[in-house]
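> Here you go, sequence then predicted model.
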Amino acid sequence: DTAVSQTPKYLVTQMGNDKSIKCEQNLGHDTMYWYKQDSKKFLKIMFSYNNKELIINETVPNRFSPKSPDKAHLNLHINSLELGDSAVYFCASSRGTSGGNRVTQYFGPGTRLLVL
Amino acid sequence: AQTVTQSQPEMSVQEAETVTLSCTYDTSESDYYLFWYKQPPSRQMILVIRQEAYKQQNATENRFSVNFQKAAKSFSLKISDSQLGDAAMYFCAYRSSGGGADGLTFGKGTHLIIQP
């Protein structure tokens, strides 16, 4: 079974559309994250969720909104998509927030988003 | 804010030889975690190794080992007996030890080429 899964793996859409990316983890972890990897492969944290509370929002435009229906899921909603949103988006999870083994993050396979 | 620097955009090594990837970081914290992740062409982010800053002993995982120099803020990855499957982007990452759900701060990555 896949530990951290994302759907879809690929997403092609028009500028101005609204889209969602789903993330699920079956590891029993408490904390989930969203990262953006740009065309130069640079990875940057977007959001973190712990016990259904948003912990970090790294100056991401408010067109992006994470939603966590339960501890195992953290979905990413994007409104009014722009060309610059094209990137690979990774979901990740960790067991907790302190302690070496607990803070280690495990990543999903990524979702490649292309905005035309 | 913490920064992570990988000064080698690309490295090349012959199969079966040893290669060392460099990483330096900047932080004012005394306790933190450091990671190396591997990203092969499949795009999956795979944890290679983790180091807790309070541990003096360098972490090792089979053919992978680190040279952690806390005073110099250096965290290099050594890959012994390089194999074709080691070809990938390698990312160095930093995480604060704070109790919050901190995300990882990544370097820009090193593209490792394995020559047969």
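All right, it came through fine.
> any idea which residue of chain A is furthest from its center?
In chain A, the residue that sits farthest from the middle, by Cα atoms, centre = their mean, is residue A:99; the gap is 22.7 Å.
> what's near enough to touch the residue of chain A found nearest chain B?
The nearest approach of chain A to chain B comes at residue A:45, 2.8 Å away (Cβ to the nearest Cβ). All C-beta spots, glycine's among them, are computed from the backbone N, C-alpha and C. Applying Cβ atoms under 8 Å, 6 or more residues apart in numbering or on different chains, we find residue A:45 in contact with A:33-35, A:56, A:58, B:103-105.
> would CSV of those residues with pLDDT, secondary structure and distance to residue B:6 be doable?
As requested, the contacts of residue A:45 are exported to CSV (pLDDT from 0 to 100; DSSP: H, G, I helix; E, B strand; the rest coil; distance: Cβ to Cβ, whole Å):
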residue, pLDDT, secondary structure, distance to residue B:6
A:33, 94, strand, 21
A:34, 96, strand, 23
A:35, 96, strand, 17
A:56, 70, strand, 23
A:58, 68, coil, 20
B:103, 88, coil, 18
B:104, 93, coil, 14
B:105, 94, strand, 12
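> among those, which two are most distant?
The two members of the contacts of residue A:45 with the most space between them (Cβ to Cβ) are A:34 and B:105, at 15.0 Å.
> Mind checking which of those two has more residues around it?
residue A:34 (26 against 21; other Cβ atoms under 10 Å in any protein chain shown).
> so does stretch B:87-103 get close to chain A?
Yes: using Cβ under 8 Å from any Cβ of the partner chain, stretch B:87-103 comes into contact with chain A via B:89, B:91, B:95, B:97-103.
> before we move on, back to that, which one of the contacts of residue A:45 is nearest residue B:32?
Nearest to residue B:32, judged by Cβ to Cβ, of these is residue B:105 at 9.9 Å.
> can I assume that closest one is in contact with residue B:93?
Yes: Residue B:105 lies in contact with residue B:93 (Cβ atoms under 8 Å); the separation is 6.5 Å.
> circling back to that earlier point, the helix or strand harbouring the residue of chain A closest to chain B: partners in the sheet, and parallel or antiparallel?
Secondary structure from DSSP states H and E places residue A:45 in strand A:43-50. Note on strand A:43-50: by DSSP bridges, its sheet partners are strand A:31-37 (antiparallel), strand A:53-57 (antiparallel).
> Packed most tightly, which of the ones you listed would that be?
Burial of the strands paired with strand A:43-50 is given as mean neighbour count (mean count of other Cβ atoms under 10 Å in any protein chain shown); strand A:31-37 ranks first at a mean of 24.
> hey, C-alpha coordinates of stretch B:5-19 in PDB?
In PDB, the C-alpha atoms belonging to stretch B:5-19 read as follows (Å, rounded to 0.1, in the frame of the first residue of the first chain):
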ATOM      1  CA  THR B   5      23.300  25.900   0.200                       C
ATOM      2  CA  GLN B   6      24.300  23.200  -2.200                       C
ATOM      3  CA  SER B   7      27.200  24.600  -4.200                       C
ATOM      4  CA  GLN B   8      27.500  21.700  -6.700                       C
ATOM      5  CA  PRO B   9      24.700  21.900  -9.300                       C
ATOM      6  CA  GLU B  10      25.900  18.700 -10.900                       C
ATOM      7  CA  MET B  11      28.400  15.900 -10.000                       C
ATOM      8  CA  SER B  12      29.600  13.000 -12.100                       C
ATOM      9  CA  VAL B  13      31.100   9.700 -10.800                       C
ATOM     10  CA  GLN B  14      32.100   6.400 -12.200                       C
ATOM     11  CA  GLU B  15      30.100   3.400 -11.200                       C
ATOM     12  CA  ALA B  16      31.600   1.700  -8.100                       C
ATOM     13  CA  GLU B  17      33.500   4.800  -7.000                       C
ATOM     14  CA  THR B  18      32.800   7.100  -4.100                       C
ATOM     15  CA  VAL B  19      31.300  10.600  -4.400                       C
END
